[in-house]
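> coordinates only, sequence not included:
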């Protein structure tokens, strides 16, 4: 069988993609699975982050469609309003395609933009496929004296619609939490900002705090993988990827616009209790198990495309 070429793309391949450390780890895992499935892999990326230097990195528009046997888009939302995203999919419209670990969005009029032949979605469909980031778990660290709180919040999430993004209400819940502690508040960010060695800096920043409060899915997954007590808030009306992925693994998620100060207090009480390390460790085990299932499913799909 002739060797086939897979072009792996992610939001980090697109102009102003806003890629995160979770996107980075997910695309690395997807590239390795494509190699295991027997593909020659080219990774479309606008920045060759340090962790990507072992792959053949290219611009997403440097290959001709005839040179690509499979297009795989990894992680993040499928946003049809993004000119950069639609330019990518339009260029390779005639190429077999798969999307893995993505969020499928439904517009207010009920339409869904999804140009891929096979979609393994982490949310927006039922059942969800899960996220592919797979952060390395560490021993849970719960302290009774919280001195540094990491705050990792999103701004408006316009991809869900202006009325659905409850970032203001989420910020109020976060303030309700931080006001209960005589602790310094440290701003955390999961975005890479085009800095080639940023992933390591992000991990160090998360490791240096005693507790994390976040509205970001990858912020929650990374914090819990690091063993940190984590207050998780979903700021999208009726819930989105935070509830689907983090909540789907059994971790409590506070819905912005619904949750109260009392709910915040109850969650903080549980995060500081003696059972917190056990709960975090249980989440880590479930996350690892879900990741193994997701990897096996993606590998099977890649092998099916390979054999076609």
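Looks like it arrived, so ask away. Small disclaimer: the values here were computed from a predicted structure and weren't measured. Residues are numbered from 1 along each chain as shown.

> just give the number of residues close to the spatially closest residue to residue 234 that is not a sequence neighbour.
Excluding the flanking residues, the one nearest residue 234 by C-beta to C-beta, 6 or more residues apart in numbering is residue 242, at 4.1 Å. Bear in mind the C-beta positions are built from the backbone N, C-alpha and C, glycine included. By other C-beta atoms under 10 Å, 30 other residues sit near residue 242.

> what's near enough to touch residue 242?
Residue 242 makes contacts with 215-217, 220, 232-236, 253, as judged by C-beta atoms under 8 Å, 6 or more residues apart in numbering.

> identify the farthest-apart pair in those residues.
220 and 236 (13.7 Å; C-beta to C-beta).

> out of the two, which sits in the busier spot?
Using other C-beta under 10 Å, the more surrounded residue of residue 220 and residue 236 is residue 220, with 30 against 23.

> surely the more buried one is in contact with residue 248?
No - applying C-beta atoms under 8 Å as the test, residue 220 and residue 248 come out as separate, 11.7 Å apart.

> below-threshold pLDDT in the stretch 101-250 of the chain: ranges please.
Residue ranges of the stretch 101-250 of the chain with pLDDT under 70: none are present.

> would you map the helices across it?
For the stretch 101-250 of the chain, the helices defined by DSSP state H, counting those that start in this stretch occupy 167-178, 198-207, 217-225, 241.

> among those, which comes closest to residue 190?
Closest approach to residue 190 among the helices of the stretch 101-250 of the chain (C-beta to C-beta): helix 217-225, 4.8 Å.

> so what's the gap between stretch 68-86 and the chain middle?
15 Å (C-alpha atoms, centre = their mean, to the nearest Å).

> which residues touch stretch 12-19?
By C-beta under 8 Å, 6+ apart, the residues outside stretch 12-19 that reach it are 10-11, 23-24, 27, 44-47, 49, 59-60, 76, 82, 84-85, 88, 191-192.

> report the buried residues of stretch 175-184.
Buried residues in stretch 175-184, counted by 16 or more other C-beta atoms under 10 Å: 176-178, 181.

> pull the distance from it to the chain's centre.
Put simply, stretch 175-184 sits 26 Å off its chain's centre (C-alpha atoms, centre = their mean).

> now do stretch 4-16
Computed by C-alpha atoms, centre = their mean, the chain-centroid distance of stretch 4-16 equals 16 Å.

> do stretch 149-158 as well
With C-alpha atoms, centre = their mean, you get 14 Å for stretch 149-158.

> likewise for stretch 5-21?
Counting by C-alpha atoms, centre = their mean, stretch 5-21 comes out at 13 Å from the chain centroid.

> likewise stretch 217-233?
12 Å.

> okay, the buried residues of stretch 175-184 in a markdown table with distance to residue 97 next?
Shown next, in a markdown table, are these (distance: C-beta to C-beta, whole Å):
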| residue | distance to residue 97 |
| --- | --- |
| 176 | 44 |
| 177 | 42 |
| 178 | 43 |
| 181 | 47 |
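
> what is the nearest of these to residue 123?
Ranked by distance to residue 123 (C-beta to C-beta), those are led by residue 177 at 24.6 Å.

> returning to that earlier point: next one: the residue nearest to residue 234 from residue 253, what distance?
Residue 242 sits at a distance of 6 Å from residue 253 (criterion: C-beta to C-beta, to the nearest Å).

> coming back round to it: can you put the helices of the stretch 101-250 of the chain in a markdown table and add distance to residue 128?
Shown next, in a markdown table, are the helices of the stretch 101-250 of the chain (distance: least, C-beta to C-beta, whole Å):
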| stretch | distance to residue 128 |
| --- | --- |
| helix 167-178 | 22 |
| helix 198-207 | 24 |
| helix 217-225 | 12 |
| helix 241 | 9 |
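
> the longest helix along the chain vs helix 217-225, what angle?
Longest helix of the chain, by residue count under DSSP state H: helix 276-307. Angle, helix 276-307 to helix 217-225, by axes from the mean of the first three to the mean of the last three C-alpha atoms, to 10 degrees: 120 degrees.

> tell me which other helices or strands helix 276-307 touches.
In terms of contacts (3 or more C-beta pairs under 8 Å, 6 or more residues apart in numbering; DSSP states H and E), helix 276-307 is packed against helix 21-36, strand 70-77, strand 97-103, strand 118-123, helix 217-225.

> what pairs with the second one, parallel or antiparallel?
Sheet pairing for strand 70-77, assigned by DSSP bridges, gives strand 4-9 (parallel), strand 97-103 (parallel).

> shared neighbours of residue 242 and residue 253, anything?
232-234.

> among those, which are in strands?
Using DSSP state E to define strands, the subset of the shared contacts of residue 242 and residue 253 located there is 232-234.

> quick one: residue 24 from residue 43, how far?
From residue 24 to residue 43 the distance is 11 Å (C-beta to C-beta).
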